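*Asks:* Prediction below, plus the sequence it came from.
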Amino acid sequence: MAHSEGIPMFVLPSDEEANVKGSITTSHEIRDGKSPRSYENSKYGHDEAVLAKFGKKQQLKVIWQRSFGLISIIGLTCTLMITWEGTLTVFQLGLTNGGPSGLVYGFIFAWIGSALQALVMGEMASMVAILSPPWCSKFLSYMTGWVTVIAYQACLASSAFLGGTMIQGLLVLNCPSYGYQRWHGTLLLYAFVSLALLVNTWLARLLPRFESLVLVIHVVGFFCILIPLTYLAPHVSAKDVFATFVDGGEWGSQGLSFMIGLSTGMFGFIGCDAASHMAEEIESADEVIPKSMIASVGINGLLGFGMVLAILFSMGNVDEVLASPTGFPFIQVFHDATGSNAGATAMTSIIVAAMLFATIASLATASRMLWAFAREKGIPGYTVLVQVRTKSALPIYCIALTAFISTLLALINIGSTAAFNALTSLVIAGFYTSFGISACVLLHKRLTTEMTYGPFHLGRAGIPIIIGSLIYSVIGVFFSFWPGAANPTPASMNWSVVVFFGTLSLSLIYWVVHGRHVYTGPILEVDPRR
């Protein structure tokens, strides 16, 4: 879905326009006279040569140049996706719309669809291709950059929001006198973002090692919840899990209710492309990124499906679980299984920690995504945002702005009871729209001309895989904007459609007024012809 710095690019040079295999059109700006060969003898020569071949030079180095290897970047991607933890946190939406069976089959559907997306994105990331015709490449790249920025900003806010409101749920469970207020959750979100800001700035040196450790915690934490849950809780029958559908949103159609509830599974698989936005900090990025995407979907899918089955077989009455005063049905299931507040709190704390790790990973990825777009002059204030601190080599202004945007999105929670549904919808719509544009131009390229592939490619299976991933993405975008129940009030309405299309409208205005004059899409910083 993205090129070497994270912004998808859609230029398909003709033979007359491209002088070398894999190069981009020579009409773009060249910022220095170096050639790709001049980088091959450096410590990370392969990676810098790949960037140079694409007309880019290394800028982000996070203390140790390319400090992420395969394990650490899988750790970052898995902890950003946090599929099994994320599926539990959005459990209520799928349980209300679809019920136990809807959750099972919806998760399988999302797993397959996300695997198709990962394969397609892996191929694109490996070949760092410029895919679309010159007449529309700048505009498509610009719009894809905007929707991806929206998605990652919302992803950060949603992770922090979940962590903060789960702490509120634990307060309700353990302190009956606690008065639940939505603005308390907003303040707790600010605390999560502040901790993520600390790790991504002052402790950035330790981020790669931190992500490798978190991957271990991600897997071990799964068993720390799965074992007591399946051992202590009474189990329901297989029929209750695999043949019980619920239309709690009162849509009047079980099929429609199921489709709306798909957001639970889809949200759990968001973020497998995170590695592509950290490419300048990954060693052998063209090989490692596809592997990390596929591995993260596989690992998280297995853990997520296991947790879905465990929680559903351990769950009692659906209506009682949905009515939990904690606001999170899974906390109620933990309490019923262990029979104690302490047990439920200990198990939930693992997921709260996972949300903190996801917030840290989201801030790292979202800020790099924003920096890459600023580097292409795609957003207002790019002259400031593109600056990188000399000592730390961190995009500090982008990190700060990303954190600030999350604090603004958190304000939705104060005025709306459906704040999380809005954030979830923004994440799904942004990621799937961005992917859809990229996949469409890749499909066009495959059908019309011959392609030059990178180390990872799909071969003859590529076209059906792309088509399947596009169908899945369209379904995800369409149903992500629906409210959780029929006949919504202003407070329960899913306002993500307003935020999403409002932001895109502003981006179009900026494009017409100023962006089309300065945004050049891919900017050459070295000469790929040499």
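*Replies:* Cool, the structure landed. All values reported here derive from a predicted model rather than from experimental measurement.

*Asks:* any low-confidence regions in the stretch 301-450 of the chain?
*Replies:* The model of the stretch 301-450 of the chain has pLDDT under 70 over residues 390, 416-417.

*Asks:* now the helices for it?
*Replies:* Assigned by DSSP state H, counting those that start in this stretch, the stretch 301-450 of the chain shows helices spanning 318-322, 329-338, 341-375, 382-385, 396-409, 412-415, 419-448.

*Asks:* any idea of the angle the longest one forms with helix 419-448?
*Replies:* Okay, so that is helix 341-375. For helix 341-375 against helix 419-448, the angle by axes from the mean of the first three to the mean of the last three CA atoms, to 10 degrees is 50 degrees.

*Asks:* any idea how far residue 327 is from the nearest residue to residue 252 once chain neighbours are set aside?
*Replies:* What sits nearest to residue 252 in space, not counting adjacent residues and going by CB to CB, 6 or more residues apart in numbering, is residue 486, at 7.4 Å. Any C-beta I mention is one placed from the backbone N, CA and C, and that applies to glycine too. Distance of residue 486 to residue 327, given as CB to CB, to the nearest Å: 21 Å.

*Asks:* same check, this time on residue 457
*Replies:* Residue 457 sits 46 Å away from residue 327, going by CB to CB.

*Asks:* With just CA atoms, put whichever strand or helix holds residue 77 into CSV.
*Replies:* Secondary structure assignment for residue 77, by DSSP states H and E: helix 70-81. Taking C-alpha atoms only, helix 70-81 is exported to CSV below (Å, rounded to 0.1, in the frame of the first residue of the first chain):
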residue,chain,number,x,y,z
LEU,A,70,12.2,-8.8,11.4
ILE,A,71,11.4,-9.7,15.0
SER,A,72,11.2,-6.2,16.3
ILE,A,73,9.1,-4.9,13.4
ILE,A,74,6.7,-7.9,13.7
GLY,A,75,6.5,-7.0,17.4
LEU,A,76,5.6,-3.4,16.5
THR,A,77,3.0,-4.5,13.9
CYS,A,78,1.5,-7.1,16.2
THR,A,79,1.3,-4.7,19.1
LEU,A,80,-0.3,-2.1,16.9
MET,A,81,-2.9,-4.6,15.6
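
*Asks:* what does the next helix or strand after that helix rub up against?
*Replies:* Next along the chain after helix 70-81, taking DSSP H and E as the criterion, comes helix 83-89. For helix 83-89, contacts defined as CB atoms under 8 Å, 6 or more residues apart in numbering pick out 107, 162, 166, 218, 221-222, 264-265, 267-270, 300-301, 303-304, 306-308, 311, 328, 330, 350-351, 354-355, 358.

*Asks:* neighbours of residue 190, just the number please.
*Replies:* Using other CB atoms under 10 Å as the criterion, residue 190 is surrounded by 16 other residues.

*Asks:* Count the residues that sit near residue 198.
*Replies:* Residue 198 has 12 neighbouring residues, counting by other CB under 10 Å.

*Asks:* quick one: contacts for it?
*Replies:* Contact analysis of residue 198 by CB under 8 Å, 6+ apart lists nothing.

*Asks:* that older thread, now list the buried members of the contacts of helix 83-89.
*Replies:* Among the contacts of helix 83-89, those classed as buried by 16 or more other CB atoms under 10 Å are 107, 162, 166, 218, 221-222, 264-265, 267-270, 300-301, 303-304, 307-308, 311, 328, 330, 350-351, 354-355, 358.

*Asks:* Just the ones in strands from the residues you listed, please.
*Replies:* Within the buried ones among the contacts of helix 83-89, no residue falls in strands by DSSP state E.

*Asks:* pLDDT score for residue 508?
*Replies:* Per-residue pLDDT puts residue 508 at 95.
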